[in-house]
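Provide a 3D model corresponding to the input given below.
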Amino acid sequence: MNNVIYITGHKNPDTDSICAAIAYAELKRRLGINAEARRLGEINRETEFVLNYFNVPVPDILTTVKTQISDLDIDAVYPASPDISIRTAWMIMQKNNIKVIPVVDEHDRLIGIVTLSDITNKYLNIMESAIIASSKTPLQNVIETLNGRLLCGSPESFSVTGKVVIAAMASNELTPFIEQGDIVIVGNLKDNQLKAVELGAGCIVVTCGCEVDKDVLDVAREKNCVILTTPNDTFTTAMLINQSIPIGHVMTSKDIISFNIDDYVDDIKDIMLQTRFRTYPVVDDSNRIKGFISRYHLISKRKKKLILLDHNEVNQTVDGIDQAEILEVIDHHKVGDIQTKNPIYFRNEPLGSTSTIISNLYSDNGIRPSRSIAGILCAAIISDTLKFKSPTCTYADITAAKRLASFCGIDIDNFANAMFKAGSSLKGKTPKEILNNDFKSFNIGKYKIGIGQINTMDAESIQEMRHEIIDYMEETCESRDYNLLMLLVTDILREGSEVLYAGREQWLIEKAFDVELKNGSVFLPGVVSRKKQVVPLLSVAAE
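The predicted structure is shown next:
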């Protein structure tokens, strides 16, 4: 497994969560740690503008951190070509203390597997003497298996089509036993060698390291007969020669149960229990072999490593978080329900933006961010504090933003206007996109509450879609079992928010903000922060 640490913000990411993750991953790498930023959803238009402005690529998406095969220490592989001999395969197994070898083509794609039992069972069950011919065993396999030396002929002239014969009788008695294309094992008997060639033998194996007379070799060349000599005695030669057959002849090539390197452990457990094989090949998307997995690998699995930014609640984080290892949490929200098995670095500060904390971490480590990193951090602070107008904004946020602006060379006022204009356009957006633009779920008391927020410089444009949005919110309440849904349409110019709402517990809004609800919406002057001005009041009302 690649020992990478994934750094991610929350689901339905906003500019702060995306930019903070990118910047913190860059800081970690500069400190010698293998870290990568990831996102948990699609970026919004404002974030897209920021990343494009500073020429920073969008992080890859992370859909889950459930344990995959790639997270396990699976067994290394020793792939083999289908034409190597079963003797060579057996020696590889003995040398490496393994019981299975993947068989691959010239592109390393899996075409079969050979197990130790395949070799022993199929070899011991070989009763036909013509197995060398039927398996199309190459001459090189025979030479290597017998430790032989080629005296006459070539691989191209090795045209064995018959059986293996031991020429142990007198030459005048060989005729009934030797046929065209046979392999003849013979000792230092010149007459038998000549008779075998005469009868059409395809290959003659001379045992005990005996030399072969020139006239025998001359006749063999005329008859296109291969002759080789081996230092082994006749009995050993007869025992070894069938071990030269290629593993492609004995391998299992059909109904192979294999797994993909990206398969989730939860998904393969049942298959392993139902099939009960000792080991299973693991391949990639191109069917290239990556290793072998057994049941014991599931016991010693390694978890993905995560750093959470801008959130610390389970319903806002990546799926499968219970199977991952959280190393750090850096946030500026209330402490939620994230639990860890070990002590971790937890930094939570009452600031207007997580990016302010990340900026301070650069300073703490004596590292100056690059122009692009300084730019996206500055943009994130401006975004999360509504250009310092949010009640969550602190002096530390303003100081950090001004310092970062000097690093990247932007004018805060001009950049903020351009960023908010690009991000606040609702043209072409669906009700689903508007609600989920920056959406978070909260468990407040016994109530499940969802709050979306969208900042705009043209709040009037949302009136055209008002009824469609409320209808979609009602559907979402039913399908996802929310007690209350709210959408904060925050008007940057008016410094307030129109709240669209749906659900059974609308009275929570009336009680929290001391307002009377009608027609599915209410304007809350001065309310621009979900974290500081909405969630706390809803919590008091729920209590």
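
my guess is M473 meets L500, correct?
Yes - M473 sits in contact with L500 when judged by Cβ atoms under 8 Å, with a separation of 6.7 Å. C-beta coordinates here come from the backbone N, C-alpha and C atoms, glycine included.

chain center to stretch 188-200, what's the gap?
62 Å (Cα atoms, centre = their mean, to the nearest Å).

which residues touch that stretch?
167, 170-172, 174-175, 178-182, 184, 186, 204, 206, 208, 210, 212-213, 216, 219-220, 223, 225, 227 (Cβ atoms under 8 Å, 6 or more residues apart in numbering).

and what of stretch 325-334?
The list of residues contacting stretch 325-334 from outside it, by Cβ under 8 Å, 6+ apart, reads 5, 20, 24, 303-312, 338, 340-342, 344-354, 356-358, 392, 531, 535.

which SSE is the closest residue to V314 other than its chain neighbours in?
Among residues not flanking V314 along the chain, D337 sits closest, at 5.5 Å (Cβ to Cβ, 6 or more residues apart in numbering). Element membership of D337, judged by DSSP states H and E, is empty: it is in no helix or strand.

ok now do D337, which residues does it touch?
Going by Cβ under 8 Å, 6+ apart, D337 touches 312-314, 443.

now the buried members of those.
312-313 (16 or more other Cβ atoms under 10 Å).

show me which pair in the contacts of D337 is furthest apart.
Using Cβ to Cβ, the pair of these lying farthest apart is N312 and N443, separated by 13.3 Å.

quick check: N360 is in a helix.
Yes - assessed by DSSP: H, G, I helix; E, B strand; the rest coil, N360 belongs to a helix.

quick one: pLDDT of the residue lying closest to it once chain neighbours are set aside?
Residue nearest to N360 in three dimensions, not counting chain neighbours: A400, with 6.8 Å by Cβ to Cβ, 6+ apart. Note on A400: pLDDT of 97.

so A400 sits in a helix?
Yes - with three-state DSSP as the criterion, A400 is part of a helix.

mind listing what it touches?
Applying Cβ under 8 Å, 6+ apart, we find A400 in contact with 355-356, 359-360, 377, 381.

biggest separation within those residues, which pair?
Top of the distance list for the contacts of A400 (Cβ to Cβ): N360 and I381, 11.3 Å.

tell me which of these two has more neighbours.
The residue with more neighbours, out of N360 and I381, is I381; 34 against 16, by other Cβ atoms under 10 Å.

in space, what's closest to K532 - neighbours in sequence excluded?
With sequence-adjacent residues excluded and distances taken as Cβ to Cβ, 6+ apart, K532 is closest to T392, at 4.7 Å.

can you tell me how far the residue of the chain most remote from its centre is from Q180?
The outermost residue of the chain relative to its centre, with distances by Cα atoms, centre = their mean, is N172 at 69.1 Å. As judged by Cβ to Cβ, to the nearest Å, N172 and Q180 stand 19 Å apart.

what's the weakest-modelled helix or strand in this structure?
When each helix and strand of the chain is scored by mean pLDDT, DSSP states H and E, helix 116-124 comes last, with a mean of 74.

the longest strand anywhere in the chain packs against which elements?
Determined from DSSP state E, the single longest strand within the chain is strand 447-456. Counting contacts by 3 or more Cβ pairs under 8 Å, 6 or more residues apart in numbering; DSSP states H and E, strand 447-456 packs against helix 412-424, helix 431-435, strand 439-444, strand 484-491, helix 535-542.

ok, 6 Å please
Applying 3 or more Cβ pairs under 6 Å, 6 or more residues apart in numbering; DSSP states H and E, we find strand 447-456 packed against strand 439-444, strand 484-491.

dump those strands to TSV, plus distance to I119 and mean pLDDT.
Formatted as TSV, these follow (distance: least, Cβ to Cβ, whole Å; pLDDT from 0 to 100):
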stretch	distance to I119	mean pLDDT
strand 439-444	58	89
strand 484-491	65	90
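
could you look up the SS state of the residue most central in space within the chain?
With distances taken as Cα atoms, centre = their mean, D262 lies nearest the centre of the chain, 4.5 Å away. At D262, secondary structure determined by three-state DSSP is coil.
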